[in-house]
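> Attaching a predicted model along with its sequence, questions to come.
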Amino acid sequence: MRLAIKAVCAASRKLTWAILASLALVGVVACASSVTKPRAEPWPTLATLAPPRAPDNNPSTPIKVELGRRLFYDGDLSFTGVMSCATCHEQKRGFSDPNKTRPGVFDDPGDRNIQTLANVGYFSSLTWGGPQVDILEHQALIPIEGLKPVEMGFNRGPEGALPQRLKDQACYPQLFAAAFPEKQGEISMDTITKALAAFQRSLVSLDSPYDRYRRGDAKAISAQAKRGEAVFEAKQCSSCHAGAHFTDAALPGVKPAEAFHALAPPKEGEALKVDTGLHRITQKVEDAYKFRTPGLRNVAVSAPYMHDGEAATLANAIRHHYAAAERQMDERLKQTVSDADVVDLVAFLESLTDQGFITNPAFALPPSGCPVPTSAELQREEANSARLHNSPPGP
Ligand code: HEC
Ligand code: HEC
């Protein structure tokens with residue numbers, strides 16, 4: 001019923017008032033209210049939304065989150081000491097970066113566009129193309145030790161080189177002891193990735209103007225953004241970019257592989273040149289060119305877009321969905337979007353920017369110095385350390 005009303009709404013905007021007047025009164029009322037007022041269903045708040053589920057063996061604690069933050073911003077997590085997670089995942093860009101792709105520490109070219117991290121703790125499948133990467137603890141090993149592409153470079157060096165590097169510093173042993181008392185403060189790839197995961201589960205964005213609108217503040221977003229919201233429903237964007245995290249990968253009950261979709265399969269001759277997405281992992285023909293639906297929170301600050309960064313603007317990213325209508329396999333994408341729809345959709349997507357999230361000091365570069373009490377001697381050693389930890393995000 002709601003979709004039918006939306007369709008009438010979308011169509012009615014193009015009609016003159018004279019024709020509008022001839023529409024059934026109920027339709028007009030329903031349309032007007034759906035465009036100008038927030039919908040009535042409950043929309044989560046930070047208070048009502050359960051925190052992301054953590055595995056039983058890695059419950060989040062404030063000190064573990066703090067350790068994870070320090071690790072996330074520490075250049076020492078890369079082999080050469082110059083690249084932290086935050087070099088690529090910059091807070092002010094919704095934890096992404098402005099490049100199409102970015103080379104790793106040994107200049108191996110990047111393979112895919114850097115993803116945003118808001119609400120990533122709710123996703124059942126991580127990365128653009130890997131349904132097998134279903135948990136943050138495992139994902140963190142990919143940038144640190146991965147080979148294809150090499151990012152932070154710890155595929156080199158003896159095993160245990162990164163934990164040893166952290167053990168040799170003044171503060172980390174105290175921090176790991178506080179964060180992992182049940183493991184006697186063990187510093188290992190296991191505890192490093194657990195702390196990183198705990199920090200990332202704290203990255204929850206739920207206070208954009210659109211959230212405030214959905215929670216009842218009718219003035220929180222512009223009339224254009226409200227029209228964009230209606231188009232987002234009518235064009236079924238919301239069937240893939242679904243729910244409060246704007247991806248079906250975060251919907252309860254959706255299996256990881258079900259959140260992968262093929263937008264525009266390439267032309268015959270181009271097929272071999274491009275990234276085949278899910279197919280790379282499964283080798284199944286039907287999985288060719290499928291990518292996991294990205295969440296759209298803070299999407300206006302995370303250009304460029306798509307798995308290859310090929311779309312420079314939001315408008316291009318939207319048009320890209322419909323680029324190859326004749327080759328389109330997904331019924332939902334066998335339609336067109338007008339220029340006016342695209343403008344409205346962009347206004348809607350811009351209302352998903354959560355300023356509080358992208359400037360929250362709790363998610364930013366941690367202050368220098370050790371956040372747990374240490375002896376005066378250790379504090380001094382820490383202050384004098386020549387290490388590159390707490391490296392600021394890259395350009
Ligand atoms: C060289 C740049 C780079 C660095 C450094 C980097 N990442 Fe990423 N990150 C990426 C790219 C590119 C992707 C998408 C990868 C893919 O789909 O194959 C990604 C994806 C992710 C995802 C999945 C997000 C989603 O929506 O599914 C998470 C989580 C993540 N990174 C966390 C981290 C953590 C933690 C670190 C530090 C240990 C880190 N990244 C370091 C480039 C980087
Ligand atoms: C069939 C599922 C599906 C539908 C319907 C859909 N999308 Fe997408 N969307 C995706 C997938 C999958 C990607 C990533 C594709 C890629 O990287 O090649 C994506 C990417 C995007 C991006 C880029 C995000 C980023 O971080 O790079 C934006 C913006 C976007 N979609 C908006 C929309 C809008 C607006 C609509 C409706 C007009 C829409 N989508 C309809 C599945 C869908």
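On my side now, so go ahead. Residues are numbered from 1 along each chain as shown. Ligands and ions are numbered 1, 2, ... in the order given.

> helices and strands of this protein: which one bottoms out on pLDDT?
helix 17-22 (a mean of 35; mean pLDDT, DSSP states H and E).

> And the helices in the stretch 1-150 of the chain?
Ranges of helices within the stretch 1-150 of the chain are 2-12, 17-22, 25-36, 62-72, 85-88, 136-139, 141-145, based on DSSP state H, counting those that start in this stretch.

> Please report the distance of residue 353 from ligand 1.
17 Å (C-beta to the nearest ligand atom, to the nearest Å). Quick note: C-beta positions are derived from backbone N, CA and C, even for glycine.

> make that residue 276, sorry
Distance from residue 276 to ligand 1, by C-beta to the nearest ligand atom: 13 Å.

> next one: residue 283
17 Å.

> Equivalent analysis for residue 189, please.
Taking C-beta to the nearest ligand atom, one finds residue 189 at 11 Å from ligand 1.

> Could you check how far that residue is from residue 157?
13 Å (C-beta to C-beta, to the nearest Å).

> same question, residue 92
In terms of C-beta to C-beta, residue 92 sits 32 Å off from residue 157.

> Same check on residue 116?
30 Å.

> The helix or strand hosting residue 192 packs against which elements?
Using DSSP states H and E, residue 192 sits within helix 189-201. Contact here means 3 or more C-beta pairs under 8 Å, 6 or more residues apart in numbering; DSSP states H and E; on that basis helix 189-201 packs against helix 62-72, helix 136-139, helix 141-145, helix 161-167, helix 171-179.

> Adding mean neighbour count and distance to residue 120, write these out as JSON lines.
Shown next, in JSON lines, are these (neighbours: other C-beta atoms under 10 Å; distance: least, C-beta to C-beta, whole Å):
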{"stretch": "helix 62-72", "mean neighbour count": "23", "distance to residue 120": "12"}
{"stretch": "helix 136-139", "mean neighbour count": "20", "distance to residue 120": "7"}
{"stretch": "helix 141-145", "mean neighbour count": "19", "distance to residue 120": "14"}
{"stretch": "helix 161-167", "mean neighbour count": "17", "distance to residue 120": "22"}
{"stretch": "helix 171-179", "mean neighbour count": "21", "distance to residue 120": "20"}
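
> Nearest approach to ligand 1 belongs to which of those helices?
helix 141-145 (3.4 Å; C-beta to the nearest ligand atom).

> Give me the contacts around the closest one.
The contact list for helix 141-145 (C-beta atoms under 8 Å, 6 or more residues apart in numbering) reads 77-78, 85, 88, 127, 133, 151-152, 154-155, 162, 189, 193.

> so residue 71 touches residue 192, yeah?
Yes: Residue 71 is in contact with residue 192 according to C-beta atoms under 8 Å; the separation is 6.2 Å.

> what do the two both touch?
With C-beta under 8 Å, 6+ apart, residue 71 and residue 192 have common neighbours residue 77.

> This completes my enquiry, with thanks.
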